[in-house]
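In: Sequence and predicted structure, then a few things I'm wondering about:
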Amino acid sequence: VTFQPDGQSVFALEGTTLVEAAGQAGIVINTPCGGQGTCGKCRVVVKGDGPAMSRAEENALSQKDISEGVRLACQVYVDRDMVVSIPENTRFFEQVVLTEGREHRVHNQPNIKKEFLELPPPASDDLRSDADRLIAALEGTIDKVEIDFPLLKNLPGILREENFKVTAVIEGKEIVALEKGDTTNSIWGVSFDIGTTTVAGALINLKTGEKAGVASRTNPQVHFGDDVVGRIRYTEEHRNGLKELHHRLVECLNDIILELTASAQIPLSRVYEVTAVGNTTMAHTLLAIDPSSIGHAPYVSVFRDSIDVKARVLGLDVNPFANLHVLPNIAGFVGSDTVAVALSTAIPGSDEVILAIDIGTNGEIIMGNKDRMVTCSCAAGPAFEGARIRQGMRATDGAISKVLVNEEIETSIIGGGPARGICGSGLLDAVAELRRVGIINKTGKIISQDQLPDNAPEFLHEAYTTVDGQPAIILVPGSGTKSGDPVLLTQKDVRELQLAKAAIAAGIKSVCNEFGVSPEEVGCVLLAGGFGNFIRRSSAKRIGLLPDIPSSQIEFVGNAAFVGARIALCCKNCRETARRISQKTEYIELAGRPDFQTDYMDCMMFPEIDPESEPAIK
Ligand code: FES
């Protein structure tokens, strides 16, 4: 298969999809629906005759598309030599990765310590064994210290080579390594937040608790599906599927570790511990544990508690004795990333009720204080990530990320260049602003142009167009876009947003009901994660995504999960707190709650606009 305009050719076995073949050529195609043939985002053009059309393609493509050779890459199985052109909008672009979060200072108390020891060599009046000699030297520093068995075998050689002057590396109560000379100033660890789309890693000086660097990558598992359901399906449908997902993820972590250690100029062998957080499926694939049970009702995970495993067993390129600590999860769809959010935002120690929300394809919601914590996961669908939206795209260069309606429709474009489409935060803003000025009504309908009030400004009239016989609004005209086609907000886009925001808002209500407070009584709302960090609070309240509380009580906490992973690396006692969060937090399954369905329907509506505080355009 030859891909254009790249000019890359690959040999693909018969039966390979074009998405997979493109992956072989190093081209990542967007697959928001995980290759189900429902989102229509993996459009490519097949030159000449191609394999027969699937039913999904016939449903998703127009006659015009078909006559132009447009196909869905996830639905086309290679059965001949092919030349395939991949448009820019079909390609997966690197997402803006949020690597900062609100810092929560903890006492630096890592699980790894080093002690420089000058042992007395054996003598006729000191016949202690090598091991006893070593353990005795640490008495008073660490109680009941033990020696890792592989180290014991090497002990005599190392001690004598170094003339009994060595640095002991101690993990918990175990000596795991002996190093030549005094290396006590060099103790490093790496913490990871493994998201479905992006992976972020931080290099931490465990002597001081300070961050020495941050690096991020697109999660290479996106080749196998955009969301966790797609990845789970991949493991079920491919004999080596789990192995592939695991290896690609470990390769990605190794790549990040290498970048971080190289730029800090420290050897890989000085990284003694790694911590990781992520959704439950990511944690399973990292550990090469079959995640299938998470993908089928009743959606249970294989493990819940934290896991400690030698990093080398998984293939991580760090000190051979380094430990990997994966934080505990709560349920199949509430992972250690949510535990890490609760840890870094100190919910378990709070007097007031805190509501923390991480919005993505799955919105994870956790509410609590020092007495109690409740969590749920709501299937918001991929609209906030730009999928199923006519010109939706991820938050990357060319995406409309903000919309303001004043004397014209103003937009902010990520990267500052011409617009290519709209990402989740832009969509939310566009709907909120058009709701404010009355173009979208309470039920979510875009009113027709002749329903605009007589005094509506000219630019609003000019923004009208039609898509599929329904009114649509031009956000950026063709003159301001890369393709020359305008970026539109269609009626269907508004409906998709309503579905997504209703899922989150109803999830918030259910958690509040369970907790016994009304959404308006929540003391503080914390928005975590990439999407949460880019939205406008006023817009989120205006469309009813967030409770109507003063904006000053809504805070952005950035990548709080990433901060939580670092806290767990620097503070071994915090790992116990994380375990308590996992064990104590009550998980509510929304699908089983009668009130959720009613709330979900109610939350589809947009709140009334208060003309006093939300002046429409006059
Ligand atoms: S239609 Fe192909 S990935 Fe969605």
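Out: Looks like it arrived, so ask away.
In: what helix or strand is the nearest residue to Gly201 once chain neighbours are set aside on?
Out: Nearest residue to Gly201, sequence neighbours excluded (C-beta to C-beta, 6 or more residues apart in numbering): Ile256, at 3.9 Å. Quick note: C-beta positions are derived from backbone N, CA and C, even for glycine. Element membership for Ile256, per DSSP states H and E: helix 241-264.
In: Residue ranges in the stretch 51-200 of the chain under the pLDDT threshold?
Out: Along the stretch 51-200 of the chain, the model assigns pLDDT under 70 to residues 93-105.
In: Starting from the lowest-mean-pLDDT helix or strand in the chain, tell me the next helix or strand along the chain.
Out: Lowest by mean pLDDT, DSSP states H and E among the helices and strands of the chain is helix 529-534, with a mean of 73. Next along the chain after helix 529-534, taking DSSP H and E as the criterion, comes helix 537-542.
In: Write out the residues of the chain neighbouring the ligand.
Out: Applying C-beta under 6 Å from any ligand atom, we find that the chain lies next to the ligand at 31-33, 35-42, 72, 74.
In: I'd like those residues written out as JSON lines, with secondary structure and neighbour count added.
Out: Below are those laid out as JSON lines (DSSP: H, G, I helix; E, B strand; the rest coil; neighbours: other C-beta atoms under 10 Å):
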{"residue": "Thr31", "secondary structure": "coil", "neighbour count": "26"}
{"residue": "Pro32", "secondary structure": "coil", "neighbour count": "28"}
{"residue": "Cys33", "secondary structure": "coil", "neighbour count": "23"}
{"residue": "Gly35", "secondary structure": "coil", "neighbour count": "25"}
{"residue": "Gln36", "secondary structure": "coil", "neighbour count": "16"}
{"residue": "Gly37", "secondary structure": "coil", "neighbour count": "17"}
{"residue": "Thr38", "secondary structure": "coil", "neighbour count": "16"}
{"residue": "Cys39", "secondary structure": "coil", "neighbour count": "21"}
{"residue": "Gly40", "secondary structure": "coil", "neighbour count": "19"}
{"residue": "Lys41", "secondary structure": "coil", "neighbour count": "25"}
{"residue": "Cys42", "secondary structure": "coil", "neighbour count": "26"}
{"residue": "Leu72", "secondary structure": "strand", "neighbour count": "31"}
{"residue": "Cys74", "secondary structure": "coil", "neighbour count": "27"}
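In: Which one of those residues is nearest to Val341?
Out: Pro32 (24.5 Å; C-beta to C-beta).
In: list the contacts for the closest residue to the ligand within the stretch 301-450 of the chain?
Out: Distances between the stretch 301-450 of the chain and the ligand by C-beta to the nearest ligand atom are smallest at Ala387, namely 8.1 Å. Shown in contact with Ala387 (C-beta atoms under 8 Å, 6 or more residues apart in numbering): Pro32, Cys33, Cys39, Lys41, Asp226, Gly381.
In: The residues you listed: which two are farthest apart?
Out: Farthest pair in those, by C-beta to C-beta: Lys41 and Gly381, 13.6 Å.
In: Find the nearest non-adjacent residue to Ser186, please.
Out: Closest to Ser186 by C-beta to C-beta, 6+ apart is Arg270, at 4.9 Å.
In: Give me the next element, helix or strand, following the host helix or strand of Ile158.
Out: Using DSSP H and E, Ile158 falls within helix 149-161. Using DSSP H and E, the helix or strand that follows helix 149-161 in sequence is strand 165-171.
In: Which elements pack onto that next one?
Out: Other helices and strands packing on strand 165-171, by 3 or more C-beta pairs under 8 Å, 6 or more residues apart in numbering; DSSP states H and E, are strand 112-118, helix 130-138, strand 174-180, strand 271-278.
In: which residue ranges form the strands in the stretch 501-618 of the chain?
Out: With DSSP state E, counting those that start in this stretch, the ranges of strands along the stretch 501-618 of the chain come out as 524-528, 554-558, 586-587.
In: Report the rounded mean pLDDT for the last one.
Out: When pLDDT is averaged along strand 586-587, the result is 96.
In: Mind giving me the packing neighbours of that strand?
Out: strand 373-379.
In: What lies in contact with the strand it packs on?
Out: 330-331, 333-334, 338, 342, 347-348, 361-368, 503-504, 506-507, 510-511, 514-515, 581, 584-590.
In: My read is that Ala500 contacts Arg388, right?
Out: No. Contact between Ala500 and Arg388 fails when scored by C-beta atoms under 8 Å: they sit 9.1 Å apart.
In: Check the stretch 101-250 of the chain for the residue nearest the ligand and tell me.
Out: For the stretch 101-250 of the chain, C-beta to the nearest ligand atom, closest residue to the ligand: Asp226, 7.6 Å.
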